[in-house]
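Chemist: I would like the atomic coordinates for the input below:
(one chain, ligands or ions: 2)
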Amino acid sequence: MKKAEIGIIGGSGLYAMPGLTNVREERVETPFGEPSDAFVLGELEGRQVAFLARHGRGHRLLPSELNFRANIFGMKLLGVERILSVSAVGSLKEEHKPTDFLMPDQFIDRTFARVSTFFGDGIVAHVGFGDPVCATVASAFEKACASVGVVGKNGGTYVCMEGPQFSTRAESNLYRSWGADVIGMTNLQEAKLAREAEICYATMAMVTDYDCWREGHDDVTIDQIVAVLHQNADNAAKVVRAAVAAMPAQRTCACVDALKYAVLTDPKAIPVETRQRLALLLDKYL
Ligand SMILES: CSC[C@H]1O[C@H](OP(=O)(O)O)[C@H](O)[C@@H]1O
Ligand SMILES: Nc1ncnc2[nH]cnc12
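Modeler: Ligands and ions are numbered 1, 2, ... in the order given. Model prediction:
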């Protein structure tokens, strides 16, 4: 049974979704293990939503410890079609100031210790990822930022690093030389897995700091980030709420059938166990 149509993943600083009504919690079991926490289900602006604290409530999980597959598959099991992700990021450009929001439309992968696919174990699939986020969700975030009165730029490149340590200055300057806009530790795997699960996904990245590249300024520290996060979290909750309200009812984007031509494996060659594990993703095609 469909329990939610819109998923919200709250990152650093957003561990609950204010304004939810008819709230209940659900622990979801997935073939990929345990999600970061129980999903908090409820109603927001007349829509059924599922909220998940990315690092768990209490912020217990490192970026490298996140079970991204379980988080996204859990959303799929609940019936979620669109995910609104909220994340803290460092700025790699002067023009992106702490407290600004930005919806990245590209990623650069600097992670090395993560599982980023539902496939394998006898089934090969390659989904398109040239446009890694859903333009409809990003645009809903952009309009919602304008309606709430916060800076919300649509577009930009997000470097996804492994962490948990912040970057060296040489790395930070390298990413700047590549023209990247912001840096974080969590979004790329979510975007990849959401695409494989045919769930629309976009992130609202909340700038908390200038990382460590800015001459004459202090390098990023966690206390500096936390202070900005508190300011950002209130605005983030308002924007998410407005974005949920503005989300079109029907999906007309390419995310809907991203898997249609992606599976290369001869269906007869797919091991039964793998086929069963991925039934939720594959049944409509096999
Ligand atoms: C709070 S500093 C670093 C931490 O914040 C970001 O987390 P999230 O994307 O979940 O908001 C960043 O990716 C790091 O995990
Ligand atoms: N400077 C930074 N680097 C990586 N992740 C971050 N999240 C918030 N600020 C960050």
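
Chemist: Now do stretch 20-33, average pLDDT.
Modeler: Taken as a whole, stretch 20-33 has a mean pLDDT of 98.

Chemist: Oh, that last question was meant for stretch 141-148, not what I typed.
Modeler: Per-residue scores along stretch 141-148 average to 97.

Chemist: Contacts for it, please.
Modeler: 84, 101, 103, 151-154, 202, 204, 235, 238-243, 245-246 (C-beta atoms under 8 Å, 6 or more residues apart in numbering). No exception for glycine: its C-beta is placed from N, CA and C like everyone else's.

Chemist: Can you list which of these are found in strands?
Modeler: Among the contacts of stretch 141-148, the residues falling in strands (DSSP state E) are 84, 101, 103, 152-154, 202, 204.

Chemist: filter the contacts of stretch 141-148 down to the ones near ligand 2?
Modeler: Among the contacts of stretch 141-148, proximity to ligand 2 is found for none (C-beta under 6 Å from any ligand atom).

Chemist: tell me which helix or strand of the protein sits lowest on mean pLDDT?
Modeler: Using mean pLDDT, DSSP states H and E, the weakest-scoring helix or strand in the chain turns out to be helix 222-246, at a mean of 91.

Chemist: So which bits of that one are buried?
Modeler: 225, 228-229, 232-233, 235-244 (16 or more other C-beta atoms under 10 Å).

Chemist: Tell me who's in contact with whichever residue of the chain sits closest to ligand 1.
Modeler: Closest approach between the chain and ligand 1, counting by C-beta to the nearest ligand atom: Gly11, at 2.3 Å. For Gly11, the contact set (C-beta under 8 Å, 6+ apart) comprises 54-55, 85-88, 186.

Chemist: How much space separates it from Lys268?
Modeler: 42 Å (C-beta to C-beta, to the nearest Å).

Chemist: so what's His126 closest to, chain neighbours aside?
Modeler: The shortest distance from His126 to any non-neighbouring residue, by C-beta to C-beta, 6 or more residues apart in numbering, is to Ala262 (5.7 Å).

Chemist: So what does that neighbour have for phi and psi?
Modeler: Dihedral angles of Ala262 (phi, psi; degrees, to the nearest 10) stand at phi -90, psi -30.

Chemist: Does it touch Val127 like I think?
Modeler: Yes. Assessed by C-beta atoms under 8 Å, Ala262 is found in contact with Val127 at 4.6 Å.

Chemist: so what's in contact with those two at the same time?
Modeler: Glu196.

Chemist: Can you tell me which residues in the stretch 151-286 of the chain are near ligand 1?
Modeler: Residues of the stretch 151-286 of the chain lying near ligand 1 by C-beta under 6 Å from any ligand atom: 163, 184-186, 225.

Chemist: What is the nearest of those to Gly79?
Modeler: Ranked by distance to Gly79 (C-beta to C-beta), these are led by Thr186 at 23.3 Å.

Chemist: Give me the pLDDT for the closest one.
Modeler: 98.

Chemist: which non-adjacent residue is nearest it?
Modeler: Nearest one to Thr186, counting by C-beta to C-beta, 6+ apart, is Pro63 at 5.2 Å.

Chemist: what's the pLDDT at the one you found?
Modeler: On the pLDDT scale, Pro63 gets 98.
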